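# Okay, here's the prediction I keep looking at, along with the sequence it came from:
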Amino acid sequence: MNEISVTKLNKMPRESYVLVDVRSESLADYGMMPGAIWVSAEDIEKGNIEKIENIPADKKIIFYCQIGQKSQEICGLPCFEGRDCYSLKGGYMEYLQDELSRSEAGAKQEKAEESIRKKFHKQLFSPFAKACKTYKLINEGDHIAVCISGGKDSMLMAKLFQEIQKHRQVKFDVTFLVMDPGYNKENRALIESNAKALGIPVTIFESTIFDTVDTIEKSPCYLCARMRRGYLYSKAKELGCNKIALGHHYDDVIETILMGMLYGGQVQTMMPKLHSTNFEGMELIRPMYFIREADICAWRDYNELHFLQCACHFTETCSTCHTDGTTASKRLETKHLIAAMKKDNPFVEANIFKSVENVSLNTVIAYKKDGVKHHFLDEY
């Protein structure tokens, strides 16, 4: 099986090869190697390789997946016999590690922080501060555990917390908390490297959640999310924190609202803050509530940063889940649906968001309050 290392690839003339990303669409949307084309592994295995057939015969084809396993299988398919094909050793994760190792010390942190203060102040810091003020998320004397998964959202959230602390309007403490639920060494190393490059002093603790959910066939992502939340609450409380902060953003909120209706038969939303039912005195806050995902991606790309999307064991087979327990496929479906509706109605996103602020109890059949169901006939 032909494999090529990132080091060797970097020494080859760029015009001599074409990179082909064979990961899932959700992973590819999150970030690709520069100049790569995307063709899903599933399409290739079905024989849908028109994009690849259009690659000139004199160019090498470099396939890459997340960690270099699926790309090896793709590279060896009969349909590529006679072509000069290679699998990128270590995959996208190896590429990210190489990028970080060649970064100038301190340069990424300085650029990232300056871009929050200047170029992306209106898109990122202003809505962050607005959510904190509107929903009273940060109070005097708080000790907040800023929970970092290693993805773009939580890493940016950490930087925004550092920035808002500099304004000193409210005195509070933060602990940047990373839970290792069983990451492979490459994923953990990437989280640690990014934290170091961005000047985020993380506190890491370990659990065995991934090993536990690996044996679960039904809704493993949901169970994983619930267990992670519990571990984070427990560790945060142990460290003297009274709140945990999660990096869910505006798009997460509207997608969750719509998914609840379409797949769950219920009207609910991600709350900007809520009290823990199992950990007395603890609160969960979501200070990125007003921030758009496109703006997070723009900040990430402007600063040439590369983060994990999901570091669970399913990612190793180029699949993924979301931190709230929903599968990427359903969330991606919902994201595409909202984008399609937006073409006809540019206000559709704002309307979905506002819909849970404008619930008229006089016009609903039934609703639940504190676990008790109330029906309109009760008072008719």
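Structure's in. What do you need?
# Going by C-alpha atoms from here, please, whenever you check contacts or count neighbours.
Noted.
# Go through this protein and flag its longest helix.
Assignment by DSSP state H gives helix 220-238 as the longest helix of the chain.
# Now do the buried residues in it.
The neighbour-count check on helix 220-238 (16 or more other Cα atoms under 10 Å) flags 220-225, 227-229, 231-233, 235-237 as buried.
# With just CA atoms, put whatever helix or strand Leu337 lives in into CSV.
In the assignment (DSSP states H and E), Leu337 maps to helix 328-344. Extracted C-alpha coordinates of helix 328-344, given in CSV (Å, rounded to 0.1, in the frame of the first residue of the first chain):
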residue,chain,number,x,y,z
ALA,A,328,-23.9,15.0,12.7
SER,A,329,-26.1,13.6,9.9
LYS,A,330,-29.3,14.8,11.5
ARG,A,331,-27.8,18.2,12.4
LEU,A,332,-26.3,18.5,9.0
GLU,A,333,-29.7,17.7,7.4
THR,A,334,-31.3,20.5,9.5
LYS,A,335,-28.5,22.9,8.7
HIS,A,336,-29.1,22.3,5.0
LEU,A,337,-32.8,22.7,5.4
ILE,A,338,-32.4,26.1,7.1
ALA,A,339,-30.0,27.2,4.3
ALA,A,340,-32.5,26.1,1.7
MET,A,341,-35.4,28.0,3.4
LYS,A,342,-33.2,31.1,3.8
LYS,A,343,-32.9,31.4,0.0
ASP,A,344,-36.6,32.2,-0.1
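# surely Leu198 meets Lys111?
No: using Cα atoms under 8 Å, Leu198 makes no contact with Lys111, being 9.2 Å away.
# Counting by contacts, list what the helix or strand following the longest helix of the chain packs against.
If you walk from helix 220-238 toward the C-terminus, the next helix or strand you reach (DSSP H and E) is strand 243-245. Applying 3 or more Cα pairs under 8 Å, 6 or more residues apart in numbering; DSSP states H and E, we find strand 243-245 packed against strand 143-147, helix 220-238, strand 283-285.
# Find the residue ranges of this structure scoring beneath the pLDDT cut-off.
1, 104-105, 211, 213-220, 309-328 (pLDDT under 70).
# mind listing the strands for it?
All strands of the chain, identified by DSSP state E, fall at 3-4, 17-21, 37-38, 60-64, 85-88, 143-147, 173-180, 202-206, 243-245, 273-275, 283-285, 366-369, 372-375.
# Just checking: what are the partner strands of the second one?
Applying DSSP bridges, strand 17-21 is found paired with strand 37-38 (parallel), strand 60-64 (parallel).
# Then the fifth one?
Sheet pairing here is set by DSSP bridges, and for strand 85-88 it gives strand 3-4 (parallel), strand 60-64 (parallel).
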